[in-house]
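Undergrad: Let me see the structure of the following:
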Amino acid sequence: MSAPALDDATLVAAHREGDAQAFEELVRRHGDRLWAVALQVLRNADDARDAVQEALLTAFRRLDGYRGDAALSTWLHRILVNVCIDRIRRDHRRPAEPWPEHDVADRRPDPSHTATTRIDVVAALAMLPDEQRTVIELVDVQGHPVADAARLLDIPTGTVKSRCARGRLRLAELLGHLREEYQ
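TA: Sure thing, here's the model as predicted:
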């Protein structure tokens, strides 16, 4: 029989007391979600890997200052989002392509606005309870039919539908400011 899993607060306390494995466990626990957020925001595996590494290094250095006002996962996501924003701004300032010799009308959306919107959506998803976020990501982000999501999660289809509905309502509240920006 294995030992019960320690909660995040216990692991943070253990890290503060010098337990090297405590932070490693936090990385194992939260790393996959951080990776998914970084990949979704930056759209490049190498950039996402670098962003996660930078965010985890920052978290490691600042963990003694973590007050616990928010969930550790929220705190980690905020650090990661800030790293991603900094990377996007830095890359936006250094254009990868040379300037054209004549002015060309750019019909693409402003990349900083698109990235900011993506970051807002990812951050809002991170604020949902796990069960709502999971079904929203399966159904709305990845496009799985409700029945497939129910089978994957081993829950009734009605539960998937209700969690999607509650998650979508919460996302609408959290992202209401975007509606005003696009009108």
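
Undergrad: how is this protein carved up into domains?
TA: The chain resolves into domains spanning 1-95+109-127, 129-183 when parsed by automatic domain parsing.

Undergrad: How are the helices of the protein distributed by residue range?
TA: Assigned by DSSP state H, the helices in the chain fall at 8-16, 20-42, 45-62, 72-93, 111-127, 130-136, 146-153, 157-174, 176-181.

Undergrad: Would you format those as TSV with mean pLDDT included?
TA: Conversion of the helices of the chain to TSV gives the following (pLDDT from 0 to 100):
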stretch	mean pLDDT
helix 8-16	92
helix 20-42	90
helix 45-62	94
helix 72-93	82
helix 111-127	78
helix 130-136	87
helix 146-153	87
helix 157-174	93
helix 176-181	69
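
Undergrad: how about those in CSV, adding mean neighbour count?
TA: Bear in mind the C-beta positions are built from the backbone N, C-alpha and C, glycine included. Converted to CSV, the helices of the chain look like this (neighbours: other C-beta atoms under 10 Å):
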stretch, mean neighbour count
helix 8-16, 16
helix 20-42, 18
helix 45-62, 16
helix 72-93, 18
helix 111-127, 17
helix 130-136, 19
helix 146-153, 16
helix 157-174, 16
helix 176-181, 10
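
Undergrad: Leaving out sequence neighbours, find the closest residue to the residue nearest the centre of the chain.
TA: Geometric centre of the chain, nearest residue: V37, 3.3 Å, by C-alpha atoms, centre = their mean. Take V37 and drop its neighbours on the chain: the residue closest to it by C-beta to C-beta, 6 or more residues apart in numbering is V122, 5.0 Å away.

Undergrad: Kindly report the same for V27.
TA: Distances taken as C-beta to C-beta, 6+ apart put L56 closest to V27, at 6.1 Å, once the chain neighbours are dropped.
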